[in-house]
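Asks: How does the following fold in three dimensions:
(3 chains, ligands or ions: 2)
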Amino acid sequence: MQNIQSPEYAIETKNLFIFYGSFAAVSEVNMKIEKQKITAIIGPSGCGKSTLLRAFNRMNDFVPSSYVTGEILLHGQNLYGKDIDPVEVRRKIGMVFQKPNPFPKSIYENITWGARINGFKGNMDELVEQSLRGAALWDEVKDKLRKSAYELSGGQQQRLCIARTIAIQPDIILMDEPASALDPISTLRIEELMQELKKNYTIIIVTHNMQQAARVSDYTAMMMLEKDGSRSGTVIEFSETKRIFTNPKDKRTEDYVTGRFG
Amino acid sequence: MKQENTIMENQNFRPLDLRKKIRPGESIIQSLLFVSGVLSIFITVAIVYELGKEALLFFNNPDVTFAKFFGTTRWQPGVGLFGIWPLVTSTLITSAIAIFVSLPLGLATALFLSEYASPKARSVLKPILEILAGIPTVVYGYFALLFMTPLLQKIFGEGVEVYNMASAGIVMGIMILPLISSMSEDALSAVPRALREGAYAMGATKFETSLQVVLPAALSGIGAALIIGISRAVGETMIVAVAAGAGPNFTFNPFQAAETMTGHIARISGGDLSYNTIDYTSLFAIALMLFLVTLILNLVSQTIINKFRQRYE
Amino acid sequence: MNPNRGHYPEGEALHRSLNGRYRSASIWQALFFSALVVAILSLAALLYNVMDGAFGYVAFEYKNDPSEFTAKPLDDLNKQELLDILTANLSSGAFKKLENDKAMEKRSRPDLYTLVLERLIQIDTKQTWSMTDSILHSKDIKAEAAAKYPKAKLEFRSWLTPVFLTTPMSSKAEFAGVRTAILGSLWMVGIAILFALPIGTGAAVYLQEYANKNFINRVIQTNINNLAGVPSIVYGMLGLAIFVRALEPLTSGSLFGVTDANGRTILSAGLTMGTLVLPLIIINAQEAIKAVPDSLRQAAFGVGATRWQTVWHHVLPNALPGILTGSILAVSRAIGETAPLIVVGASTFISIDPDGPFSKFTALPIQIYQWTTRAQSEFHAIAAGAIIVLLVLLLTLNATAILLRNRFQKKY
Ligand SMILES: Nc1ncnc2c1ncn2[C@@H]1O[C@H](COP(=O)(O)OP(=O)(O)OP(=O)(O)O)[C@@H](O)[C@H]1O
Ligand SMILES: [Mg+2]
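Replies: Residues are numbered from 1 along each chain as shown, chains lettered A, B, ... in the order given. Ligands and ions are numbered 1, 2, ... in the order given. I've put the predicted structure just below:
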């Protein structure tokens, strides 16, 4: 993908609809996501948060019936354009999942695998150390790099997944409820880590936890099922997090963030 | 209100008795069902007992010594030759050839079906493998003797005997292929989707994901398939009885004829076999060895599969 | 900002490296696919090989010229004339023996015709050719046959004929049929299923509906799974030791007054085969019972049914199609199994229809084995014919199983 000057936004969507078969899970999303900021996507269950997030790095391609209309622009290129290779998209836009999913390999290999397949030319040991430090995991695992990743705790595994994602140096990191399977202490560590990471990366996070969204994100997108009864989700409000939580424009957002509904 | 009253009245007429009642019919049926369940254990016990009893008679024969059994290489109990090796080596050679054929083919087939084939292609291709799995082994024997052997003779020339281990082994491999393929496919599809997605999200191609993430994750399940395959090959009778050779022969040349353990049992028991002869008891000794080897292989495979399931559930 | 960024290919370099990765992927994919092609080709080769053997040219001579027995062409003779020839030319002993098997008067014309050919004229097969050769090189074959066997007749023959299905075993390939073998197989499978189906279903019901997860039940379950993997020849040895030898009074029928049999009877074979398919039936029945939804049981218990009433009225009827499918699969396994029958002592040469559980017997796969291992190519040809019969039988059974499964795959 060519670097066309430095755009202001990391990702921009235009008139985005996402379908599963004939069912439009997400309708008409227009948003501009800022670089090196954390953007949270919140909303009730089933409103299409994961669907939207997974559209950003074309993970929905693996659902055979799914397709999108409209555009998702990265550096001005439509990610769903005809000549776009989804593998290259994912190379630039990494993802951390709800449940930690380390590969059944050693800690070391978990990080080097992505680097290797992507043609990394530098020093692997250094890369492993940098990535693990970047994910605030180095001190805990530096003596057992050759052990299986399955020997780590859930929180450590999740940070390992973050480490392996930053090892391949994407531009954007997507996180789908990355802390929902973790205890409060691990959650806190992940949140601190995100603050660190946003110096270098653009982060988009889906979360069910209002406090989390309020604590960590700079911008928040509120998603909701459309009122017309179509069971299709859309972004009803998107602005600075402060604003969403203190002075939302939409009544439904207010009800939701204050816990009166949803 | 009214209804409650009627219920109360009813209870007054018929005192409620919730104590356990003895239901003879139920107990009899339950015992019968239990007996059916336990019968399977009885079968195993009977196998061990009957094979063990006759095998013991064989090994207690003063002519059969440990040194002769494992130290010599000719087997013909009728004339006092008790070296088990020719039967064992030919069993191992035919099984090894079978695995050598079926493991790569079966695994590649499984990878193709589970990772690449469209649902439509799968629905056509899988039944073909099932047909292959359903063909009786005696038919494979015909195929080995009258197709594979002439083919090998055409390729490798004079050195290939009419009965030979290579032909039997290769055809046995084709027979086992569907088993290995379907068990491997199960193992591959049991790998959680999250693991694949993790790989894709790092910019891996579909192929890199299947070969470097999914395949290693399914390795223990594939190991279980391999072990079951070995057990199948060791216990397979008809293909080797027809095509591998009709007489024990201590050789490592796969193009020569050599009778396997199963083939030997089939040939000797097919003739006029009288009870209480050394020929009779020796067959039970071989069968016992077969049973134990396959039992261990099956148990190991099952343990692996259970562990594998637990890990991903 | 990203210290490692320079170490990854970017832009054009990324494109190029990706293209390389895709290329090697498609090579591997082609390799995987070729494994499947090998499997399909093997199946095709096997089927072709059987067909190839079952049809083709055959060169044969008459040992005794038909004109020694009759002035008319053989094909034009009617039943009475054939019978007259047999009466006139067979030794009285041979005639009487045939008469004992089946009264001569009652035999059909094709039957008598075959007898004349087999016993009097006698056919001597000189050579057979495969179907492919016969079709592609028919001229060469005709020339070769004419040169090598000047007296022989050459004819294109299907070894698989209606007569092949209805004639009993014979020591001459030209006159052998699979009637006895098919009947033997049917008897054997019938006994096996009668034995294994009730017990197997019972065991499955016990394990799914009654057993709690204690030690003994876990042992039973593991044991069943292992029994399914025991080599079939070991079942044969078990059958030999128990049914043929230890239970001889029962299986030979001497308990019931049958005198001329030993333990190597259809009953022994059926019981052995029943033991062999028992684990298969149990496992399939367990699956079928597992598929019955729990809500059904709870509904039955909810109206006060006992456990057995629930099982009998609700679980079993709903699991029945699955259980039947499982038993059809067990039947097809039993029909194709050969090794245990050899060990239990199938007779390889037998020409009298089995007439009960205490008969001696042969079976279809046993005949295939026998004929395949003979040296003469005409036996290979009838082996191929018998294989086709066996495969068609299996195909029918499996198609029935699939139909049954689709028909009842419903509801939940
Ligand atoms: N693979 C799929 N095939 C068909 N429909 C799907 C698929 N995945 C999701 N959906 C549907 O799309 C809608 C949005 O689902 P999505 O998972 O995006 O919701 P979500 O907002 O992430 O919910 P949650 O908060 O529970 O994770 C739902 O109605 C869901 O049923
Ligand atoms: Mg979600």
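Asks: can we go C-alpha only for contacts and neighbour counts from here?
Replies: Fine.
Asks: ok, for A:Q36, nearest residue in space, not its chain neighbours?
Replies: Spatial nearest neighbour of A:Q36, chain neighbours left out: A:T202 (4.1 Å); criterion: Cα to Cα, 6 or more residues apart in numbering or on different chains.
Asks: same check, this time on C:Y62
Replies: In space, and not counting its chain neighbours, C:Y62 is closest to C:I123: 4.9 Å by Cα to Cα, 6+ apart.
Asks: can you check B:I239 too?
Replies: Nearest non-adjacent residue to B:I239, counting by Cα to Cα, 6+ apart: B:G141, 4.0 Å away.
Asks: Quickly find the element holding the one you found.
Replies: When secondary structure is defined by DSSP states H and E, B:G141 falls within helix B:137-143.
Asks: what is the mean pLDDT for that helix?
Replies: In this model, helix B:137-143 has an average pLDDT of 96.
Asks: Just to check, the residue nearest to A:Q36 is in contact with A:M175?
Replies: No. Under the criterion of Cα atoms under 8 Å, A:T202 makes no contact with A:M175, lying 10.9 Å away.
Asks: OK, now which residue of the stretch 151-300 of chain C is nearest to chain B?
Replies: Nearest residue of the stretch 151-300 of chain C to chain B: C:A203, at 4.1 Å (Cα to the nearest Cα).
Asks: Show me what the helix or strand encompassing that residue is packed against.
Replies: Assigned by DSSP H and E, C:A203 belongs to helix C:179-205. Counting by 3 or more Cα pairs under 8 Å, 6 or more residues apart in numbering or on different chains; DSSP states H and E, the packing neighbours recorded for helix C:179-205 are helix B:24-60, helix C:162-166, helix C:266-290, helix C:316-336, helix C:364-372.
Asks: List the buried residues of that helix.
Replies: Using 16 or more other Cα atoms under 10 Å in any protein chain shown as the test for burial, helix C:179-205 gives C:179-193, C:195-205.
Asks: For the chain, which segments are assigned as strands?
Replies: Assuming you mean chain A. Secondary structure of chain A (DSSP state E): strands located at A:9-20, A:23-34, A:38-42, A:66-74, A:77-78, A:93-96, A:172-176, A:202-206, A:219-225, A:233-240.
Asks: Correction: the question concerned chain B.
Replies: With DSSP E as the criterion, chain B has strands at B:75-76, B:81-82.
Asks: who's in contact with the first one?
Replies: Contacts to strand B:75-76, defined as Cα atoms under 8 Å, 6 or more residues apart in numbering or on different chains, come from residues B:81-87, B:248.
Asks: Try it again at 6 Å.
Replies: B:81-84 (Cα atoms under 6 Å, 6 or more residues apart in numbering or on different chains).
Asks: quick one: average confidence on that strand?
Replies: On average, strand B:75-76 scores 90.
Asks: Check the offset of it from the chain's centre.
Replies: A distance of 27 Å separates the centroid of the chain from that of strand B:75-76, by Cα atoms, centre = their mean, to the nearest Å.
Asks: What strands flank that strand, and is each parallel or antiparallel?
Replies: Strand B:75-76 sits in its sheet next to strand B:81-82 (antiparallel), going by DSSP bridges.
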